[in-house]
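Student: sequence first, then the predicted structure:
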Amino acid sequence: MKLLSVAIPCYNSEAYMDHCIQTLLTGGDEVEIIIVDDGSAKDRTAEIADSYADRYPGICKAVHQENGGHGQAVNTGLKHATGIFFKVVDSDDWVNEEAYRQVLDTLRRFVYGEETLDMLVTNFVYEKQGAKRKKVMKYHTAFPKDRVFGWKDVKFFMTGQYILMHSVIYRTGLLRQCGLELPKHTFYVDNLFVYQPLPYIKHIYYLDVNFYRYFIGRQDQSVNETVMIGRIDQQIRVTKLMLESHDVMKISSRKLRHYMIQYLEIMMTVCSVLAIRSGTEENLAKKKELWEYLKKQNLPLYLRLRMGFLGQGCNLPGKSGRKLLILGYKITQKFYGFN
């Protein structure tokens, strides 16, 4: 059994997957690298995956599947994982090697020590193309450092500070226990990957190192705003799956309940802003339907979100109301530097 399994979803990733894999190989024999070729047909992704499996037979696995999208590639990685802990690293991202050693040292403590661990959280760095200053997502305001803690010990999440796929390593058994299975042919499933396991997590550890390097800035990336508008149906689908996964209003831990509600509030806001930014009546109808869906699915949650600051902003009446929301969105976008 390996200490850590890392799944790398790859789809036509020839141009950058080498760098990703090379940084992960520095973890040595304790790490299992599962390279999932998601039906790549336009380049040498499959060949490169096989070459790593041949050269590093005790570390790298090459798994080939019909194209099923990012979520299905993560599902496949989890299915093949033999490690005690599980991490997803996208093929155009990479990890910092010094921080990587600290991560492995920390995980090792929980295998051979008396304490258990469900989720390890680390910082990640936005490697934004063309940006002079690199934004680092840290969690020191939210989490205690250098000790195991639970949800009752969580402090304060600042605006825009969320636990994302880039920042988490989960215990593999916990992901299987909670029945995590991401939808096929759907983008933005990383939100569901992080969100669904949260109520199962009892033991958390925050390691304050800049581990994950999140590359951002290519025009074809799924997080590019134009691309996101074109895939608004998938964003809405993921949001609905998150709404269905738990009745957050009944989560017993007050701090966890508050955090999960905030997460859903952001998802509803993103869908609403994208629909308005698209400028089409079709997408405005989809926005309205999403809020109606929430109302039918969970009325107390609907009232909580709809009456909140963001919920009211997303539903301001008329063109002038929509313009005001977009103005606020652009100011926030400039301040936080997202796409």
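Tutor: Received it, and whenever you're ready, just let me know what you need. Numbers count the residues shown, from 1 in each chain.
Student: so where is the stretch 1-150 of the chain shaky, pLDDT-wise?
Tutor: Of all residues in the stretch 1-150 of the chain, none has pLDDT under 70.
Student: now the helices for it?
Tutor: 17-25, 45-55, 69-80, 97-112 (DSSP state H, counting those that start in this stretch).
Student: for the last one, output the C-alpha coordinates as CSV.
Tutor: Spelled out, it's helix 97-112. In CSV, the C-alpha atoms belonging to helix 97-112 read as follows (Å, rounded to 0.1, in the frame of the first residue of the first chain):
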residue,chain,number,x,y,z
GLU,A,97,9.0,19.9,-4.6
GLU,A,98,10.2,21.3,-1.2
ALA,A,99,6.6,21.6,0.0
TYR,A,100,5.9,18.1,-1.4
ARG,A,101,8.5,16.6,1.0
GLN,A,102,6.8,18.4,3.9
VAL,A,103,3.4,17.1,2.8
LEU,A,104,4.7,13.5,2.7
ASP,A,105,6.3,13.9,6.1
THR,A,106,3.0,15.1,7.5
LEU,A,107,1.0,12.3,6.0
ARG,A,108,3.5,9.7,7.2
ARG,A,109,2.9,10.9,10.8
PHE,A,110,-0.7,9.9,10.6
VAL,A,111,0.0,6.5,9.2
TYR,A,112,2.5,5.5,11.9
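Student: Serialize the helices of the stretch 1-150 of the chain to JSON lines and add fields for mean neighbour count.
Tutor: Placement of C-beta: from N, CA and C, glycine included. Compiled in JSON lines, those are given as follows (neighbours: other C-beta atoms under 10 Å):
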{"stretch": "helix 17-25", "mean neighbour count": "19"}
{"stretch": "helix 45-55", "mean neighbour count": "17"}
{"stretch": "helix 69-80", "mean neighbour count": "22"}
{"stretch": "helix 97-112", "mean neighbour count": "16"}
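Student: turn these into JSON lines, columns for distance to Met158.
Tutor: JSON lines is the format used below for those (distance: least, C-beta to C-beta, whole Å):
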{"stretch": "helix 17-25", "distance to Met158": "29"}
{"stretch": "helix 45-55", "distance to Met158": "38"}
{"stretch": "helix 69-80", "distance to Met158": "28"}
{"stretch": "helix 97-112", "distance to Met158": "22"}
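Student: out of those helices, nearest to Asp38?
Tutor: Proximity to Asp38, assessed across the helices of the stretch 1-150 of the chain by C-beta to C-beta, is greatest for helix 69-80 (4.5 Å).
Student: sorry, back to before: what's the closest of the helices of the stretch 1-150 of the chain to Ile326?
Tutor: helix 69-80 (28.3 Å).
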